[in-house]
Structure formats: structure tokens, C-alpha cells
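S.K.: fold the following.
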Amino acid sequence: MQDRISKMLDNSDAFIALPGGIGTLEEIFQLASWAQLNIHHKPIGLLNIDGFFNKLLSFLDQAEEENFISHSARQIFISASIAEEMVDKLEDFVYKPDPVAAQIDWSMENNSKKCKMDLSLHL
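M.R.: All right, here's what the predicted structure looks like:
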């Protein structure tokens, strides 16, 4: 599935999720994680047909209110109940980077120089 998401990432300006199951949720949250890690800055549209995503949106709002996700991580999700409204919202989307995540270097070339943590258990 990661190859599929990588292809979508390379060939799109935004993402739109239709009501779906576990695979849809996996893709939505992988894309959101990648946005939080500054791998991309593309909005994720949730086409909220008949309120399908209402509880997910409420969960995200609560997670933001309780500081489990940042405001910028929450704002990557765009919701609309009809396609025309979704397109308008996606066109108006302006990425606002997370100030903390923006300072983290996720590039692979520096991984060999990073310190390793000692996670051994000492009794």
C-alpha cells in the first residue's frame, strides 16, 4: 500500500477520501503522518457524504483540544459534504507548518550520524 500512496503523492496536488473502511483510514492517516513530518504539504479532503466522517472529525477536534495533535496537523484535514464545495476548499487551502516538526531533519543522508539511544534495562 505504501507504493500506492507514494505514487499518489508524486502525482497529486491534494487527496480526497470517500467513505470507506480500514484501508481508507490507513491511507488517510499515513498521509497525515507524512504531512506532519513535512514529507508533503498537501491537504487531505474528506468527502463527508451523509455525515460519514462526522465522528472522525470530532475525534480529530478532541485530539487537538487535548494537545495530542497540533493545530497544523488538524488543519491538513478538509471536510465538505459535496464535491464542488470540496474542490473550492482544496483550492483555498494554505499549508501552515508545525513549528516544532518543521525543525526536525527527516532526511536519510544524516541518519548514520545520529546518536543511538541506550534502551537497555538496568535493574
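
S.K.: all helices of this structure, in order?
M.R.: 2-10, 22-36, 54-65, 71-75, 83-92 (DSSP state H).

S.K.: ok, the residue nearest the centre of the chain - contacts?
M.R.: Centrality entry for the chain: nearest residue to the mean C-alpha point is Ala32, 1.0 Å, by Cα atoms, centre = their mean. For Ala32, the contacting residues are 44, 73, 76-77, by Cβ atoms under 8 Å, 6 or more residues apart in numbering. All C-beta atoms are positioned from the backbone trio N, CA, C, and that covers glycine.

S.K.: mind doing that once more with 10 Å?
M.R.: Residues in contact with Ala32, defined by Cβ atoms under 10 Å, 6 or more residues apart in numbering, are 15, 44, 60, 69, 73-74, 76-77.

S.K.: and Asp61, by the same measure?
M.R.: 69, 74, 77.
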